[in-house]
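Chemist: need a structure here:
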Amino acid sequence: MGDVRGRRHRVATAFTLLGALALAAPACSDGGGKRGTPLATPTFFQVQGRLTLTPEQSASVSVIPSPPTEQDFLLYVDPLAPSVVSFLPGQADRKAATTDGVSFAVAEGFIVGLPGSCAGSDVYYSSFRFTADGATGTLAGTATGLASLGVGDVAFSYKAALTFTGIRDVAGPSLDVGTAVDPFHVADLRANRPLPAVATARLDSAGESIELRPLLTTLELDLGFAIPPATLPRYGTAYDVIVTPWQDLAGNPGVPPGQLTTRPAPVLVAREDFENADQVSGDGTVVDAAVLPPITGLRSAVLATGQSSADVAFDSPHVSARLRVVPGNTVVAFAARPFGRFATASTYGITMQAGVPGGAVTAAVLPATETITWSASAAASGGVGLGEVRTIEIPLPAGVDSEVIVDLHVAPPIPCGLPLPPAAGYLIDDLRVE
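Modeler: As a prediction, the model looks like this:
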């Protein structure tokens, strides 16, 4: 009996030691292959992938001549949740994962963007698997799914196969805040990696603070920040950008955001009639009857892009002025005359606003389309038809004191986006406050 109890004790001790060694071992065998050290903490990886796309359409259907062959992106791996986030600036997806700490399998439907492709181009992976080594900070994996590549208003479908590797990335987030920014058109401050959903940001300058709006998603993360609607930063001002907490999802601290600086204000005038083309208060291309017939006097400003006319090439997407305000004034008013290449022209992307620097913004309500009348004089002016002259009014913003800034703007077309309807251009004249 003593020998049996001794053998049982030795066997039990052996199994206990083997179990302890298995838990403590940095690597273990899996089907003959060596596995890495389990990933213990949330980590970002810079991923480089070789992408193979096979057209789903028949050979008789046209496809993109040179589809992408690479897919590089940031991959955030959280072994504790567990979950995985794919990220490109402005685009992210988050899915649950199954893992033993080394091998990861992502839930079906994991979306990864395609760098440099048109908006809406991405890959929907039905299988996305990889192994991660916490000791070396590397990963490797494969994925298969379906890719959709948009070109204009057409989407091309491909079967996708991805082979990828990655290395740990601890650079932390940064923001491209910009200099000489137009206060009416401050671009979204997008981070170069996803931020925690609790992150907040503001612009600070000389006692003034503007709370920014987070670009939150349904994925419980933040893609950056934006100026709140109807808020106008001051001209000629340097704003410190403050983000709290300034770190990415993995806790890596960010590069100091620095300052966002705005452009100088337009010249203050009582009225802008564009008659002196060399001393216009703000922005805008001024034309005379040799180009288009002015609304009044000898000259008018043009608000248009090249798509507004057939033969007359305009590059005047911005008309602005800084106007004096006196007690009793209630509106900004100006004369406007639409023009274009077609009988009906869209106002999509056109905004007409008035703002108080450091305060509120108001806007005119424009019709969805403008009616253009063709005539012999229109043909003589380069094939551009003209609409009726009318007065447009913008209510003065709350808090206005002695001045207001007017901003008339045409947004540029979205690169490689859907074709836009024929756009309206406007002749602008006699900007004033009443």
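
Chemist: can you tell me how far the residue most central in space within the chain sits from Arg193?
Modeler: In the chain, the centroid-proximal residue (Cα atoms, centre = their mean) is Gly90; its distance is 5.2 Å. Look at Gly90 and Arg193: by Cβ to Cβ, to the nearest Å, they are 12 Å apart. In this view, the C-beta of every residue, glycine as well, is placed from N, C-alpha and C.

Chemist: Contacts only, for the residue nearest to the centre of the chain.
Modeler: 190, 223 (Cβ atoms under 8 Å, 6 or more residues apart in numbering).

Chemist: All further residue positions should be reported with the first residue as 216.
Modeler: Got it, first residue is 216 now, which makes that one Gly305.

Chemist: I'd like the distance between it and Leu438.
Modeler: From Gly305 to Leu438 the distance is 6 Å (Cβ to Cβ).

Chemist: try Thr588
Modeler: Thr588 is 45 Å from Leu438, by Cβ to Cβ.

Chemist: For the chain, which segments count as helices?
Modeler: Along the chain, the stretches classed as helices by DSSP state H are 217-239, 591-595.

Chemist: Which neighbours in the sheet does the strand ranked longest in the chain have, and how are they oriented?
Modeler: Secondary structure of the chain per DSSP state E: the longest strand is strand 369-384. Sheet pairing for strand 369-384, assigned by DSSP bridges, gives strand 258-270 (antiparallel), strand 353-366 (antiparallel).

Chemist: And the contacts of that strand?
Modeler: Under the contact criterion Cβ under 8 Å, 6+ apart, strand 369-384 has outside partners 258-272, 278-279, 282, 286, 289-290, 335, 338, 340, 345, 352-365.

Chemist: Any idea how far that strand is from the middle of the chain?
Modeler: 22 Å (Cα atoms, centre = their mean, to the nearest Å).

Chemist: before we move on, what about stretch 319-333?
Modeler: 18 Å.

Chemist: and the end-to-end length of that stretch?
Modeler: Its first and final residues considered, stretch 319-333 spans 30 Å by Cα to Cα, to the nearest Å.

Chemist: Around the closest residue to Leu289 other than its chain neighbours, count how many other residues there are.
Modeler: Closest residue in space to Leu289, ignoring its immediate chain neighbours: Phe302 at 4.2 Å, by Cβ to Cβ, 6 or more residues apart in numbering. Around Phe302 there are 26 other residues, counting by other Cβ atoms under 10 Å.

Chemist: Equivalent analysis for Thr359, please.
Modeler: The number of residues packed near Thr359 is 15, by other Cβ under 10 Å.

Chemist: if we can go back for a sec, need the strands paired with strand 369-384 in JSON lines (columns: distance to Gly316).
Modeler: Shown next, in JSON lines, are the strands paired with strand 369-384 (distance: least, Cβ to Cβ, whole Å):
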{"stretch": "strand 258-270", "distance to Gly316": "12"}
{"stretch": "strand 353-366", "distance to Gly316": "12"}
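
Chemist: Between the ones you listed, which one is closest to Arg428.
Modeler: Nearest to Arg428 among these is strand 258-270 (25.1 Å), distances taken as Cβ to Cβ.

Chemist: Tell me how far that closest one lies from the chain's centre.
Modeler: Distance, centroid of strand 258-270 to centroid of chain: 22 Å (Cα atoms, centre = their mean).

Chemist: Show me which positions of that strand end up buried.
Modeler: Residues 258-260, 262, 264, 266, 268, 270 are the ones in strand 258-270 that count as buried (16 or more other Cβ atoms under 10 Å).

Chemist: Please apply the same query to stretch 487-507.
Modeler: For stretch 487-507, by 16+ other Cβ under 10 Å, it's 487-489, 495-502, 506-507.

Chemist: so what's Asp308 up against?
Modeler: If you count contacts by Cβ under 8 Å, 6+ apart, then Asp308 has 300-301, 325-327, 434 around it.

Chemist: Report pLDDT for Thr559.
Modeler: pLDDT, Thr559: 89.

Chemist: hey, what's it bridged with?
Modeler: Taking DSSP bridges as the rule, Thr559 bridges to Thr586.

Chemist: list the contacts for it?
Modeler: Thr559 neighbours (Cβ under 8 Å, 6+ apart): 584-587, 637.

Chemist: ok, back up a step: can you work out which residues contact both of Gly305 and Leu438?
Modeler: Each of Arg405 lies in contact with both Gly305 and Leu438 under the rule Cβ under 8 Å, 6+ apart.

Chemist: mind listing what's buried in stretch 546-557?
Modeler: The neighbour-count check on stretch 546-557 (16+ other Cβ under 10 Å) flags 546-556 as buried.

Chemist: now do stretch 505-515
Modeler: So stretch 505-515, judged by 16+ other Cβ under 10 Å, has buried residues 506-510, 514-515.

Chemist: can you name the two of these that are farthest apart?
Modeler: Greatest spacing in those, by Cβ to Cβ: Val506 and Ile510 (13.0 Å).

Chemist: Excluding chain neighbours, give the residue nearest to Phe379 in space.
Modeler: Gly264 (3.6 Å).

Chemist: Report whether the expected contact of that neighbour with Thr284 is present.
Modeler: No: the criterion here is Cβ atoms under 8 Å, and Gly264 misses it with Thr284 at 9.6 Å.

Chemist: hang on, the earlier thing: make TSV out of the buried residues of stretch 487-507 and add distance to Ala453 and pLDDT.
Modeler: Below are the buried residues of stretch 487-507 laid out as TSV (distance: Cβ to Cβ, whole Å; pLDDT from 0 to 100):
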residue	distance to Ala453	pLDDT
Glu487	28	97
Asp488	34	97
Phe489	32	97
Val495	26	94
Ser496	23	95
Gly497	21	95
Asp498	22	94
Gly499	26	92
Thr500	30	92
Val501	31	94
Val502	36	92
Val506	39	86
Leu507	40	88
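
Chemist: Check the gap between Leu507 and Gly555 for me.
Modeler: Distance of Leu507 to Gly555, computed by Cβ to Cβ: 12 Å.

Chemist: Need the residues touching each of these two.
Modeler: Contact criterion Cβ under 8 Å, 6+ apart; residues shared by Leu507 and Gly555: Val599.

Chemist: Thr588 and Leu438 - which one has more neighbours?
Modeler: Leu438 (22 against 12).

Chemist: Once you drop chain neighbours, what's closest to that one?
Modeler: The shortest distance from Leu438 to any non-neighbouring residue, by Cβ to Cβ, 6+ apart, is to Leu430 (4.3 Å).
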